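In: how does the following fold in three dimensions:
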Amino acid sequence: MIGGAGRAADGAGRARGMMVDVSDLPSVDGGRGLVLDRVGVRFDDVVALDGVSLRLPPRSVLGLVGENAVGKTTVLNVISGAVEATSGTVTMDGEPVQPGRPVVGRYDSGRGGTPTVSVTDHVRAGTRTTVGRWRLRLPLKPSAAALATLAATLDSVGISTEEAEQPMPELPLLVQRRAELARVLIRDPALVLLDEPFAGLAHDLALALAATIAEIPRRRDCAVVLVDHDREAVAACAATVVTLAAGRITETA
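Out: Predicted coordinates for the structure are as follows:
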């Protein structure tokens, strides 16, 4: 994570879009956490990311903001392993990030419509195991341990017992988004990636969801990277907010 003295020393250079060596950034305690070191991504002749360096310690929130098509979602794709960096490195707790690593959980606001099942069933579905092209069925009767994990996960995002039994489409949009967070968290990932979690929410609801996200690192012992256009909501939950433009970091606050 970029902060404090590092921001003051390097702010002018970053404002000009200069590449930052990760060695210039404050170290992550004990080698744990997420590190992007001079990451570049090219798609043929298109430069999507150009020398992006970030550090994210455990139990913290990092926000990425900027206009459309500046590389925000590409950062998430590189972190998750869905896109391979053309240059630079991405590590989590000192190990290279591999595609589909179970330590990474992700929510994407554009992935599809609202499911018709209850919140409980939707969140439980997040524990399904995929083998090749097949997704294994969940047991009809979950174990006591599975039910305890489900209850704790729902509670960690502020979903009540009554809300948990309601069909997703009948609940307010804020509760639906919290359910999506719970679906990601139920696998207990060390790192959570959120792509536009505030999309479509009124300002007050976005701030309410931001308050929920801000508590996730403490309540779930994980780190969060989120991308969104709502700078105020991002700033409300993220300790560090990074602005991207043309694939480079231009500002850190």
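
In: ok but residue 234 is inside a helix, no?
Out: Yes - with DSSP: H, G, I helix; E, B strand; the rest coil as the criterion, residue 234 is located in a helix.

In: report how many residues lie close to it.
Out: 24 (other CB atoms under 10 Å). No exception for glycine: its C-beta is placed from N, CA and C like everyone else's.

In: tell me how far it lies from residue 194.
Out: 10 Å (CB to CB, to the nearest Å).

In: please enumerate the strands of the stretch 151-253 of the chain.
Out: Assignment of strands within the stretch 151-253 of the chain using DSSP state E, counting those that start in this stretch yields the ranges 191-195, 223-227, 240-245, 248-252.

In: check contacts around residue 42.
Out: Applying CB atoms under 8 Å, 6 or more residues apart in numbering, we find residue 42 in contact with 48, 86.

In: picking up where we left off before, reformat the strands of the stretch 151-253 of the chain as a markdown table; add mean neighbour count, mean pLDDT and distance to residue 180.
Out: As requested, the strands of the stretch 151-253 of the chain are arranged in a markdown table below (neighbours: other CB atoms under 10 Å; pLDDT from 0 to 100; distance: least, CB to CB, whole Å):
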| stretch | mean neighbour count | mean pLDDT | distance to residue 180 |
| --- | --- | --- | --- |
| strand 191-195 | 23 | 95 | 9 |
| strand 223-227 | 25 | 96 | 13 |
| strand 240-245 | 20 | 96 | 22 |
| strand 248-252 | 20 | 94 | 28 |
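
In: show me the shaky parts of this structure.
Out: By pLDDT under 70, the low-scoring segments of the chain are 1-31, 99-103, 110-113, 128-140.

In: who is the residue minimising distance to the centre of it paired with across the strands?
Out: Compute the mean C-alpha point of the chain, and by CA atoms, centre = their mean the closest residue is residue 193, 1.7 Å away. The residues paired with residue 193 through beta bridges, assigned by DSSP bridges, are residue 106, residue 225.

In: hang on, it packs against residue 80?
Out: Yes - with contacts defined as CB atoms under 8 Å, residue 193 counts as touching residue 80 at a distance of 6.0 Å.

In: where do the contact lists of these two overlap?
Out: Taking CB under 8 Å, 6+ apart as the criterion, residue 193 and residue 80 both touch 104, 106.

In: and the spatially closest residue to residue 57 that is not a sequence neighbour, how many neighbours?
Out: Once its chain neighbours are removed from consideration, residue 57 has its nearest residue in residue 33; the separation is 4.5 Å (CB to CB, 6 or more residues apart in numbering). For residue 33, the tally of surrounding residues (other CB under 10 Å) stands at 22.

In: any idea how far residue 173 is from residue 33?
Out: Applying CB to CB, the value for residue 33 to residue 173 is 32 Å.

In: with residue 56 instead?
Out: As defined by CB to CB, residue 56 lies at a distance of 28 Å from residue 173.

In: who has more neighbours out of those two?
Out: Comparing residue 56 with residue 173 by other CB under 10 Å, the one with more neighbours is residue 56, at 23 against 13.

In: from what I see, the more buried one and residue 63 are in contact.
Out: No - assessed by CB under 8 Å, residue 56 is found out of contact with residue 63, at 10.7 Å.

In: spit out the residues that contact these two alike.
Out: The contact sets of residue 56 and residue 63 overlap at residue 225 (CB under 8 Å, 6+ apart).

In: list the contacts for residue 66?
Out: Residues near residue 66 by CB under 8 Å, 6+ apart: 72, 243-245, 250.
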